[in-house]
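Engineer: below: sequence and its predicted model.
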Amino acid sequence: MNAIELLTQDHRNMRALLEELAGTTTRALKKRRDLLEKIETNLRVHNTIEEEIFYPAFKDAGDGKDDAKTYFEALEEHRAAGDLVLPDLLETDPSSEKFSGRAKVLKELFEHHADEEEKEMFKRARALLGKQTLEALGDRMAQRKVELKKRPEAA
């Protein structure tokens, strides 16, 4: 599987989890906790493989300010979702409306980020990297995902 297919599949999985979380009520405590655990793991693994493997390859292949801007914007969106909103959500009482609000914000941030990647960055990556490189990156990313899921603290 090439890198773009792998990341797009991750995006679909995350969208489904975030949609399900956003649809829960303040009474669905167990479901909220279970979903949040899956979201945390999947988001950290996804962000890690992008930041360690895909983004550097994109940046290195890039040929101008627009590519560098895309790279740094993607990193900042990871920081906003993974380092700011997600930790706040993890610390929020799942029976509260505050949890509902934070879950919605995380969903919206992720959807914005994934949409930008899929419409802009991935299109550009296909042109910059080519099919063979994307296949090799996809293999490395799939292997790294397995490692990260075995050792969640590494993510």
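Structural biologist: Arrived safely.

Engineer: from here on, contacts and neighbour counts on C-alpha atoms
Structural biologist: Noted.

Engineer: now the protein, which segments are flagged as low pLDDT?
Structural biologist: 151-155 (pLDDT under 70).

Engineer: which residues of it fall in helices?
Structural biologist: 3-22, 29-49, 55-61, 65-78, 86-90, 97-116, 122-150 (DSSP state H).

Engineer: wait, what's in contact with residue 85?
Structural biologist: Listed by Cα atoms under 8 Å, 6 or more residues apart in numbering, the contact set of residue 85 reads 102, 105, 106.

Engineer: now, among these, which is nearest to residue 40?
Structural biologist: residue 106 (11.0 Å; Cα to Cα).

Engineer: grab the nearest non-local neighbour of residue 38.
Structural biologist: Leaving out its chain neighbours, the residue that sits closest to residue 38 by Cα to Cα, 6 or more residues apart in numbering is residue 17, at 7.8 Å.

Engineer: meant to ask about residue 61
Structural biologist: Computed as Cα to Cα, 6+ apart, the closest residue to residue 61 that is not its neighbour in sequence is residue 128, at 5.9 Å.

Engineer: how many neighbours does the one you found have?
Structural biologist: Using other Cα atoms under 10 Å, residue 128 has 19 other residues around it.

Engineer: contact partners for it?
Structural biologist: The contact partners of residue 128, taken as Cα under 8 Å, 6+ apart, are 58, 61, 62.

Engineer: against residue 9, how distant is the residue nearest to residue 38?
Structural biologist: 13 Å (Cα to Cα, to the nearest Å).

Engineer: neighbour count for these two, which is higher?
Structural biologist: residue 17 (18 against 12).

Engineer: correct me, but residue 51 touches residue 75?
Structural biologist: Yes: at 7.4 Å, residue 51 and residue 75 qualify as touching, with contact defined as Cα atoms under 8 Å.

Engineer: and the gap between residue 8 and residue 131?
Structural biologist: Distance from residue 8 to residue 131, by Cα to Cα: 16 Å.

Engineer: cool, and residue 29?
Structural biologist: For residue 29 relative to residue 131 (Cα to Cα), the value is 44 Å.

Engineer: which residues touch residue 97?
Structural biologist: residue 26 are the contacts of residue 97 under Cα under 8 Å, 6+ apart.

Engineer: alright, I will stop here.
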